[in-house]
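>>> Predicted model follows, preceded by the sequence.
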Amino acid sequence: MEDAAIVELYWQRAPEAIGHTQEKYGAYCLAIAGRLVPVREDAEECVNDTWLRAWNAMPTARPCFLAPFLGRITRNLALDKAAFESAQKRGGGAAQALLSELEECGAQPAAPGCVEDELDAKELAGLIERFLSAQKATARRLFLMRYFLCMPVREAAGRLGITEAKARTLLCRTRRRLRAYLQQQGVEV
């Protein structure tokens, strides 16, 4: 079923929209959650919560492409779950590693419930989007695979047909360029 038809089912509040979504994007969302949350049951819980969030978001949102819309919801839920788990265990994990890599660019998550931080986060997201659109395709795809899809460097490198060492170097250079770009745009890093 096409994305537009699934979105239309959501807008009609038809329960079968969730079934079609799970059939088409279940494995995709589970892969994203599984990269951040090591316990399969927790990853599945994130995916199930994704369907609920999508259901609640659709009356106001009408996404053209469901994959990035659902992927973002899943990633955010999994990051929240991983942060909660790491706070419980005082460990790090994949989510903490991703956040620490991005901290060197000055990218900080918004404080929950803080409108000013959320507005700053939207502005920052727009700047990052413009920065990435100016990058070469390989650097852009690698950056998105690593920091949006939360893919391990080795897996992302394999998908792009480059070595892991080259991928790490490319990510490091891209983060440095992003930091310089953000500073140039007046963002304190």
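Arrived safely. Numbers count the residues shown, from 1 in each chain.

>>> List the buried residues in stretch 3-20.
Buried residues in stretch 3-20, counting neighbours by 16 or more other C-beta atoms under 10 Å, are found at 3, 6-7, 9-10, 17-18, 20. For every residue, glycine as well, the C-beta is placed using N, CA and C.

>>> Just give me the closest of those to Thr169.
Ranked by distance to Thr169 (C-beta to C-beta), the buried residues of stretch 3-20 are led by Asp3 at 36.0 Å.

>>> Name the nearest residue to the closest one, ignoring sequence neighbours.
Leu66 (4.5 Å; C-beta to C-beta, 6 or more residues apart in numbering).

>>> since we're on that neighbour, how many residues are nearby?
Leu66 has 20 neighbours, counted by other C-beta atoms under 10 Å.

>>> Would you map the helices across this protein?
In the chain, the helices defined using DSSP state H lie at 3-11, 16-36, 40-57, 66-89, 93-103, 115-133, 137-147, 153-160, 164-184.

>>> Quickly, which of those bottoms out on average pLDDT?
Of all these, helix 93-103 carries the lowest average pLDDT, namely a mean of 64.

>>> Show me what counts as buried in stretch 147-156.
Under the neighbour-count criterion of 16+ other C-beta under 10 Å, stretch 147-156 has 147, 149-151, 153, 155-156 buried.

>>> Of those, which is the nearest to Ala27?
For those, the nearest to Ala27 is Leu149 (13.2 Å; C-beta to C-beta).

>>> ok, back up a step: so which two of the buried residues of stretch 147-156 are the farthest from each other?
Greatest spacing in these, by C-beta to C-beta: Tyr147 and Glu155 (13.5 Å).

>>> Columns distance to Glu164 on top of the buried residues of stretch 147-156, output as JSON lines?
Below are these laid out as JSON lines (distance: C-beta to C-beta, whole Å):
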{"residue": "Tyr147", "distance to Glu164": "16"}
{"residue": "Leu149", "distance to Glu164": "17"}
{"residue": "Cys150", "distance to Glu164": "16"}
{"residue": "Met151", "distance to Glu164": "12"}
{"residue": "Val153", "distance to Glu164": "6"}
{"residue": "Glu155", "distance to Glu164": "9"}
{"residue": "Ala156", "distance to Glu164": "9"}
